[in-house]
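Colleague: Following is a predicted model, sequence given first.
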Amino acid sequence: MSTEVVKAQNALNSISSGKAINNDEFVHMWANTNWGELLQPAPLSISVIGSILVLAASTDDFSLVTERRVDDWKFAKYPESFKTSLEQVVGDSFEAFSTAHAEMENIQNASAQMPGEIRTAVMTILKASPKEVEVYLPGQLEGVRTLAEICSKSALRCETGFNNLTGLLQELILACSNKRGDSEQKKGKMKLELQVLKTQLKHQKQRLENTERTHETMQKAFVEAEEGFKRAADSIPTGWGAVGMQVVEAYVDMAKTATSVAANCAVNVPLHVMGMVQGGAKIETRSSGASPSVTAARSGATANSTAMSAASTSDDESLASLSTISAYIATIKGLLDGGEDGKPEFERIRSDQVANGGAWVEAGLNVQIKSISSRTNHPWTSRIHPIVTESLDIIVNMRKAAGSLQGHSASSEELKKTYLSRALQVEQDLEKLKAERNLILQQSSISAHGPATPVPGQRMSDAAASRSLEAARIKVDETRAHLVGSREAFERSSIRLEEGQKEVGRTVVSMTTLKLESMTLEQMIPILVKAVQSFKTLRTQFSQITQFFNSITSLINVVLVPSVARWVKTMEDARSLGGVSISDFTRQLIYTQMMMPLKISMLAEKISATYMTVSTKYIMPSLREVGQIQSSSAGVSKEERRAYIGKLTRVKDKVGQQAIQSSKEILQLVANEQKQFVSSIDERLNVIMTAVKPVLAIEDEIPGRFVEVTYAHVKCVDEAKGKEMSENGIYKKFDVNSDDIM
C-alpha cells in the first residue's frame, strides 16, 4: 500500500507546481475583486464632465462664500465664483483622468516586471547555497521593493487626484445647499463627508502601520513554524514517517496561511466568517464521548454566515494553527491504529517521554490551549478552542486508559472503540473549518510543490497509508470545490456588473437628454451628486491599489530582509523530519512568502490592464474633445456667448453618445472576461481530474460537505457585494428633481 501513497504524492506534485497553485489563488482573488468598479464609473464620469462644462457656461454666477470664510475652502480655488469653480471641476477632472491614465500605465509596466524579479529571487531561494542566499537575496528583494514602491506612488497620485476632485464637488454641493437654504440636517452629511476627505490622505501613514502590524503577525507565524519544525524533528520518533510528513505539511500550511492573511488584507476583500454548516447532523452528547464544549459548538452551528471585518479576522492568529492541530489529531489516530495488525501502539501512548508519541501530542495541544485561551473573543479562535479542548481531552484520557490496560486483543478493541470515533468526529469538524478558512483567505488547500514536499517512505502501515490517501483525496476535492466556487462567484459578479452597467447606462441617457441651459440651482445639485458618487468610487479603487503595493513593500521591509541572516543560519542545521531537512523546510517557507507579492503583482497587472483598455478607448478621447472646446473663447457679446454654449452643447451631446456606446461595450467586455474565466477554470479542473482520478479513485461528483461550505460562502459574499452595490450612488436612479443631497 505504500506504493499507492507514492503514486498519489506524485500525482499531487504534478498538479501543484508553484505556477499552478499561484494561478489558482490568483483566480480566487480575481473572482472576488471589485474590478468592475474601475470600469463602470467611466461612461458616467464622461457624461457628467460634459454636462458640467455646459452648466459652467450657461448658469448665472454667484459667490459660494456664505456662512464660511474664504480660507475655509480646501478644494475650491475660486470660492467667490460658482461658474469658475464648475470650470475647475472640468479642469481637475481632465487632470485626474490624465494622471490616472499615465500612472496606471506605469503600474501596468512595473507590475508586469515583478514576476520576473520574484522568479529570480525564488531560484536563489530554492537552488543557491546559504552563502549565496546571504549575498544575492537582499539585492533581489530590493529590486522587487523598488518596483512595488513605483506602483504604490503611482496609485497614490491617482487616489489623490480623485480625492481632491471629490472634495471640490462636495464643497460645491454644500455651497448650493447653503444658497438654497437647506436645513442643517440635510447639510450635516455633506459636512461630514468633507471632513473625511480632508483627513483622507493623513490616513496613508495609519494604513501603512496597520499593514506592518499584519506582517509582524505573519513574521511571528513563520518563526513559530520554524521552531515548531525543529521541536518536531527532535520529538517525533524514528519510524513515524507518516506523522512526520503530516507535521511538515502542517507547518508549511501555517506559513502559507499567514501569507494569505496578509495578501487578503491587501486586496481588501470583505472577509466572512462562516457558520459551521452542519445540516441535519446528529448532535453528539456527553455519553457518546464528546466533551461539553464541542457539543455546544455543534449544537449552535447553523448554515447562516456572519460577516466580519477584514481587521477582526486578520489579527486572529488562530487561523494559521488549523493544520498543526490537524496533525495532532492525525497522530492520535495513528497511535490508535498504527501498531501491528492495526492495533494501538500502547508503548508510545503510555510513554512519558516527549520524544515518544503520546506525550508529544499532549504537550503540543497544551501549547495550543495556552496560545488560544487569551483570544477566545476572536471569531475563529472561539470556534477552534472547543476542538482543541476535545482533542486534549481525548489524548489525556486515552493515555490514562492505556496505562491500565495490558495490550491484549480485547484491550486494543476497547481503546480504539472508545477514542477513535471521537477523533474522527473532531477531524471532520476541523476539516470543515479549514475549508472555510481557505475560501475566506482565497488560498489553495494544496501547497505548492517545493523542497519541503514530503517524500513517502516505503515502510508504512496499512492504516497510515490509508489515511495518507484519504488526506490526498480531501485536498483534491476541496481544491475542485474551491475552483467551482470561484467560477460561480465570477458568474454572479458578472451578473451584478451587467445590471449595474445597465443602470449606469440609463443614467447616462437621462443626463444626455437634459436641457442644461435653463437649469435651476436645485436641478444642478443631482448632477453634481452623481459626479461625487462616480469619482468617489474611482478614488476607492485607486486607494485599494495603493494598499496592494504598500503590502509588498511592508512584507519586504518587515519580514523578508530582516530574516535573511536567520534563514542562512537555519539552512546550515542538519536535522530533518519526515524526510525533509530543516534547510529545505526553510527554503520552502521563504518560497511561500514570495507567493504573496507574486499574486498581488499579477492582480494589479490585470486590473491596470483592464483600466487602460477602458481609459484608452472611452475616457481619454472624450476628455480631449472636452478639453479642446473648453480652451476656446466664449466671447463677449450675447450672440458670441450663445454660439459658444451651442458648441458646448453639441460637444456634450457627442460625449454623451460616446458614453452610451462605451457603456454597451463595457458590458461586452464583461461578457468576454466571463467566458475566458470560465474556460480557464474548466481547463484547470480537467487537468486535475486527468492527473489524479486514476490514482486516487476520485469521484466525478464533489463530496457534498465541500459543496455545501463552498456555496454557503459564495452566497454570503454575493449578498454582501450586492448590498454594497445597492448602497453605491452610481447605481441609483438619476432624477434631476431629486431633493436628496447625497
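Modeller: Alright, I've got the coordinates.

Colleague: moving C-terminal of whichever helix or strand E413 is part of, what's the next helix or strand?
Modeller: Per DSSP states H and E, E413 falls inside helix 409-441. Sequence-wise, the next helix or strand downstream of helix 409-441 (DSSP H and E) is helix 462-512.

Colleague: pLDDT (mean, whole number) over whatever helix or strand comes next after that following helix?
Modeller: Using DSSP H and E, the helix or strand that follows helix 462-512 towards the C-terminus is helix 521-554. Mean pLDDT, helix 521-554: 81.

Colleague: got the angle between helix 521-554 and helix 462-512?
Modeller: Taking axes from the mean of the first three to the mean of the last three Cα atoms, to 10 degrees, one finds helix 521-554 and helix 462-512 inclined to each other by 150 degrees.

Colleague: Packing partners of helix 521-554?
Modeller: helix 41-58, helix 82-127, helix 130-179, helix 203-235, helix 241-267, helix 462-512, helix 582-614 (3 or more Cβ pairs under 8 Å, 6 or more residues apart in numbering; DSSP states H and E). No exception for glycine: its C-beta is placed from N, CA and C like everyone else's.

Colleague: got TSV for these, with mean pLDDT, mean neighbour count and distance to E431 too?
Modeller: What follows is these, written out as TSV (pLDDT from 0 to 100; neighbours: other Cβ atoms under 10 Å; distance: least, Cβ to Cβ, whole Å):
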stretch	mean pLDDT	mean neighbour count	distance to E431
helix 41-58	82	26	42
helix 82-127	92	20	30
helix 130-179	89	21	35
helix 203-235	78	18	21
helix 241-267	83	26	13
helix 462-512	88	20	6
helix 582-614	90	23	22
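
Colleague: Out of these, which gets nearest to S637?
Modeller: helix 41-58 (14.3 Å; Cβ to Cβ).

Colleague: what inclination does the helix or strand hosting K647 have with respect to helix 41-58?
Modeller: Element membership for K647, per DSSP H and E: helix 638-696. Using the same axes, to 10 degrees, the inter-axis angle of helix 638-696 relative to helix 41-58 is 170 degrees.

Colleague: could you say what helices and strands helix 638-696 packs with?
Modeller: Going by 3+ Cβ pairs under 8 Å, 6+ apart, helix 638-696 lies up against helix 2-14, helix 18-31, helix 41-58, helix 462-512, helix 582-614, helix 620-630.

Colleague: now do 6 Å
Modeller: helix 2-14, helix 41-58, helix 462-512, helix 620-630 (3 or more Cβ pairs under 6 Å, 6 or more residues apart in numbering; DSSP states H and E).

Colleague: quick one: S622 from K638, how far?
Modeller: From S622 across to K638, the span is 29 Å (Cβ to Cβ, to the nearest Å).

Colleague: ok, back up a step: can you redo the helices and strands packed on helix 521-554 as TSV with distance to S444?
Modeller: TSV is the format used below for these (distance: least, Cβ to Cβ, whole Å):
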stretch	distance to S444
helix 41-58	33
helix 82-127	17
helix 130-179	22
helix 203-235	18
helix 241-267	9
helix 462-512	6
helix 582-614	10
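
Colleague: what's the closest non-adjacent residue to the residue nearest the centre of the chain?
Modeller: With distances taken as Cα atoms, centre = their mean, N264 lies nearest the centre of the chain, 3.1 Å away. Nearest residue to N264, sequence neighbours excluded (Cβ to Cβ, 6 or more residues apart in numbering): L441, at 5.3 Å.

Colleague: pLDDT at that neighbour, what is it?
Modeller: 88.

Colleague: Burial check on it, number of neighbours?
Modeller: Taking other Cβ atoms under 10 Å as the criterion, the count of residues near L441 is 25.

Colleague: picking that back up, in JSON lines, list the helices and strands packed on helix 638-696 along with distance to F734.
Modeller: Output for the helices and strands packed on helix 638-696, formatted as JSON lines (distance: least, Cβ to Cβ, whole Å):
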{"stretch": "helix 2-14", "distance to F734": "54"}
{"stretch": "helix 41-58", "distance to F734": "9"}
{"stretch": "helix 462-512", "distance to F734": "4"}
{"stretch": "helix 620-630", "distance to F734": "19"}
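
Colleague: now for those helices, which one comes closest to I556?
Modeller: Ranking the helices and strands packed on helix 638-696 by proximity to I556 (Cβ to Cβ) places helix 462-512 first, at 28.4 Å.

Colleague: what angle sits between the closest one and helix 2-14?
Modeller: Counting by the same axes, to 10 degrees, helix 462-512 lies at 20 degrees to helix 2-14.

Colleague: Tell me which other helices or strands helix 462-512 touches.
Modeller: helix 2-14, helix 18-31, helix 41-58, helix 638-696, helix 704-726.

Colleague: F542 is nearest to which of those?
Modeller: helix 41-58 (11.4 Å).
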